[in-house]
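**Student:** After the sequence you'll find the predicted model.
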Amino acid sequence: MKIRRLSLAAWLVCLGISTLWACSNDGVEEGVETGYQPSKGKPVDGIRIGWDYGSIRQLTERGGYPRSIRLQDQSVVAVYENHVTGFEMRRSTDDGATWGEPTLLFSIHELTNGQGTTRVNIANSEIIQLANGDLLVGCNYRPQTAEITPFSIAIRRSTDQGVTWSAPQIIYEAQPRFADGCWEPSFLQLPNGDVQVYFANEGPYTHSNEQEISMLTSKDNGQTWGDFKTVCFRAGSRDACR
């Protein structure tokens, strides 16, 4: 059966970091070099999803935590951790066949204050396009040295499809140590337009190893944010949703 690339961004961006095109097929086109051949199982109701391993595209040499979305203009953007520079974004206008140069949105940096100096690493890349077309990106600030600056959730906004960006904005601060930090922001926009960001949060539990899932809400497309609310917590559990 002829390979059909899915129109939505059925993307797998590997820790390499690479991208794969999704395809629905029971075989391969003649003359197409497929490389790796996964084992075949029994199809469910005649439907299966396979990956075209010939479409792998490496986006960075040292990276992780990739995310990708298709924008309203039909381009595809991928965001990921670059373990040398920070949080990068790349764009494709041909369904992932080629990618533009990376844009650095959050930089690994050194911070000095009255408590000392620390490297602040950038982790947990996240992106969403809002109904009005604005882009929001978010990440986790992770200080390398304890007791100097808090673990934080930070965002940036773009109102022009990612051409220009607002300055980084810290929207939540946990504690200044790994055991009581915050992690992994994830965006959601509700039908009424409210924007929510969910994240794992150990900041309130300085005397235990517990964690909750917290949520912040913005009613103005990410310009301002309310106080955090607890949306999931299990007493005595390190992972709040277990």
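**Tutor:** Looks like it arrived, so ask away.
**Student:** so where is this protein shaky, pLDDT-wise?
**Tutor:** Within the chain, the ranges that satisfy pLDDT under 70 run 1-43, 240-242.
**Student:** Please name the strands paired to the longest strand belonging to the chain in the sheet, noting orientation.
**Tutor:** The residue-count maximum for a strand in the chain (DSSP state E) belongs to strand 116-129. Partners of strand 116-129 in the sheet, by DSSP bridges, are strand 109-113 (antiparallel), strand 135-143 (antiparallel).
**Student:** hey, C-alpha coordinates of that strand in PDB?
**Tutor:** Provided in PDB are the C-alpha atoms of strand 116-129 (Å, rounded to 0.1, in the frame of the first residue of the first chain):
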ATOM      1  CA  GLY A 116      26.100  33.400  45.900                       C
ATOM      2  CA  THR A 117      26.500  32.300  42.300                       C
ATOM      3  CA  THR A 118      24.900  29.400  40.400                       C
ATOM      4  CA  ARG A 119      24.400  28.100  36.900                       C
ATOM      5  CA  VAL A 120      20.700  28.000  36.000                       C
ATOM      6  CA  ASN A 121      19.900  25.100  33.600                       C
ATOM      7  CA  ILE A 122      16.900  25.200  31.300                       C
ATOM      8  CA  ALA A 123      14.600  22.100  31.200                       C
ATOM      9  CA  ASN A 124      11.200  20.800  30.100                       C
ATOM     10  CA  SER A 125      10.500  22.700  26.900                       C
ATOM     11  CA  GLU A 126       6.700  23.300  26.200                       C
ATOM     12  CA  ILE A 127       4.800  25.200  23.500                       C
ATOM     13  CA  ILE A 128       1.100  26.000  22.700                       C
ATOM     14  CA  GLN A 129      -0.600  28.100  20.100                       C
END
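**Student:** Can you mark which positions in it are buried?
**Tutor:** The neighbour-count check on strand 116-129 (16 or more other Cβ atoms under 10 Å) flags T118, V120, N121, I122, A123, N124, S125, E126, I127, I128, Q129 as buried. Yep, even glycine has a C-beta here, placed from its N, CA and C like the rest.
**Student:** Tabulate the residues you listed (TSV), appending distance to R48.
**Tutor:** Listed next are the buried residues of strand 116-129 as TSV, based on distance: Cβ to Cβ, whole Å:
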residue	distance to R48
T118	49
V120	44
N121	39
I122	37
A123	34
N124	32
S125	30
E126	30
I127	29
I128	30
Q129	30
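**Student:** Name the member of those residues with the shortest distance to V197.
**Tutor:** In terms of Cβ to Cβ, no member of those lies closer to V197 than E126, at 8.2 Å.
**Student:** So what sits opposite the closest residue to the closest one other than its chain neighbours in the bridge?
**Tutor:** Residue nearest to E126 in three dimensions, not counting chain neighbours: G138, with 4.4 Å by Cβ to Cβ, 6 or more residues apart in numbering. On the basis of DSSP bridges, G138 is bridged to E126, I155.
**Student:** follow-up on the earlier one: right, so the strands paired with strand 116-129: which one is the most enclosed?
**Tutor:** strand 135-143 (a mean of 24; mean count of other Cβ atoms under 10 Å).
**Student:** circling back to that earlier point, my read: the residue nearest to E126 touches S152, true?
**Tutor:** No: using Cβ atoms under 8 Å, G138 is not in contact with S152; the gap is 10.6 Å.
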